[in-house]
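> Quick one, structure for this:
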Amino acid sequence: MPWTPSDNPAVCERWRQRVEAQLASGLTVQAFARQHCLGAESLYRWRSWFRQQREARLQLPALVEVRVEGTLPPPAIATMCVELSSGQRVILEPGFDTTAVAL
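Down below sits the predicted model:
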């Protein structure tokens, strides 16, 4: 069965911190793993996964032009759905709090 990263954001964040600490330490993965009682194979896999995620984000355009052709009847309730590359969605309905979604 192929390895897949955890769906738990806390687990992902903990491994991200470990990977960053290993890179900043100047130690090899093996030495860092021994020093911190981690599995070197796990550290390699997480490091590779984070690298792939970073490279995938770099390949995506920051903005995509959208052209609306023709006219559609307005929906019963005007909503906007923003889908992130991670698959998460933000659904905005009329009267939403703009400060809650500000950058």
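
> Would you point out which residue is most central in the chain?
Closest residue to the average C-alpha location of the chain: residue 86 at 5.4 Å, with C-alpha atoms, centre = their mean.

> Would you quantify the distance from it to residue 18?
As defined by C-beta to C-beta, to the nearest Å, residue 86 lies at a distance of 21 Å from residue 18. For glycine as for every other residue, the C-beta is placed from the backbone atoms N, C-alpha and C.

> Which pLDDT does the model give residue 103?
With respect to pLDDT, residue 103 scores 58.

> hmm, I was thinking of residue 75
At residue 75 the predicted local confidence, pLDDT, stands at 67.

> in the chain, which spans are helices?
Taking DSSP state H, the helices of the chain run over residues 9-25, 29-35, 40-59.

> Does anything pack onto the last one? Which helices or strands?
Based on contacts counted as 3 or more C-beta pairs under 8 Å, 6 or more residues apart in numbering; DSSP states H and E, the elements that helix 40-59 packs against are helix 9-25, helix 29-35.

> okay, those helices in JSON lines with distance to residue 53 and mean neighbour count next?
Putting the helices and strands packed on helix 40-59 into JSON lines (distance: least, C-beta to C-beta, whole Å; neighbours: other C-beta atoms under 10 Å) gives the following:
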{"stretch": "helix 9-25", "distance to residue 53": "10", "mean neighbour count": "14"}
{"stretch": "helix 29-35", "distance to residue 53": "18", "mean neighbour count": "15"}
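
> What separation is there between the residue nearest to residue 92 when sequence neighbours are not counted and residue 64?
Counting by C-beta to C-beta, 6 or more residues apart in numbering, the nearest residue to residue 92 once its immediate chain neighbours are dropped is residue 80, at 4.5 Å. Here the criterion is C-beta to C-beta. By it, residue 80 lies 15 Å from residue 64.

> okay, the two: which has more neighbours?
Neighbours were counted for residue 80 and for residue 64 using other C-beta atoms under 10 Å; residue 80 has more, 10 against 6.
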